[in-house]
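A.B. asks: The sequence and its predicted three-dimensional model are supplied below.
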Amino acid sequence: MSSYQISAFSQIYIFLFIPIVVSIIYWFSSSDLNVIERILSSAHGLIFFMASLFAVFISEYTETGDSSFSSFIFLFIIVLGVISVIYSFLKYPNSNLVHLLHFPNLICAFFIFFIGAMTIAHDWI
């Protein structure tokens with residue numbers, strides 16, 4: 001990993017903890033669902049994690065001001081994570097209080113998007 005990638009990851013790694021924990025909570029508390037529904041309703045943390053890793057590792061191959069296909073792939077991965085969050089709202093069988101965990105989850109997703117987009121574009125504020 002280059003020093004740029006290490007620096008970018010140091011900006012984003014703190015936002016990876018909450019989505020992973022929320023996914024683990026959803027996984028263990030949705031035992032009433034079948035396996036496919038359980039995976040889809042608890043995959044959001046893993047998807048956000050993959051989006052952040054994609055942004056860090058693809059930044060080695062992008063340049064400043066480059067609005068390449070990698071930016072669209074990154075956005076697509078983030079949108080998949082948001083779709084998983086919406087799916088978990090619709091399919092989760094237990095108490096609705098667990099959905100309050102999505103507020104910090106979506107805040108972290110926003111920061112992953114924000115920092116990841118700057119990482120890919122090499123254009124930091």
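C.D. replies: Yes, it's here.
A.B. asks: Give the residue farthest from the middle of the chain.
C.D. replies: Going by CA atoms, centre = their mean, the residue of the chain most distant from its centre is residue 32, 25.0 Å out.
A.B. asks: tell me the SS of that residue?
C.D. replies: Following DSSP: H, G, I helix; E, B strand; the rest coil, we place residue 32 in the coil state.
A.B. asks: now residue 106
C.D. replies: What three-state DSSP gives for residue 106 is helix.
A.B. asks: Leaving out chain neighbours, which residue sits closest to it?
C.D. replies: Nearest residue to residue 106, sequence neighbours excluded (CB to CB, 6 or more residues apart in numbering): residue 85, at 6.7 Å. Where you see a C-beta, it was placed from the backbone N, CA and C, and this is true even at glycine.
A.B. asks: List the residues that contact the one you found.
C.D. replies: 44, 102, 105-106, 109 (CB atoms under 8 Å, 6 or more residues apart in numbering).
A.B. asks: Return the set of buried residues in the strand or helix carrying it.
C.D. replies: Assigning secondary structure by DSSP states H and E places residue 85 in helix 69-91. Neighbour counts over helix 69-91 (16 or more other CB atoms under 10 Å) mark 70-71, 74, 77-78, 80-81, 84-85, 87-88 as buried.
A.B. asks: still on that earlier bit, closest one of the contacts of residue 85 to residue 52?
C.D. replies: The shortest approach to residue 52 among the contacts of residue 85 belongs to residue 109, at 9.7 Å (CB to CB).
A.B. asks: Next, the contact list for that closest one, please.
C.D. replies: Taking CB under 8 Å, 6+ apart, we find residue 109 in contact with 19, 44, 48, 78, 81-82, 85.
A.B. asks: Please repeat the previous calculation with a cut-off of 6 Å.
C.D. replies: Counting by CB atoms under 6 Å, 6 or more residues apart in numbering, residue 109 touches 48, 81.
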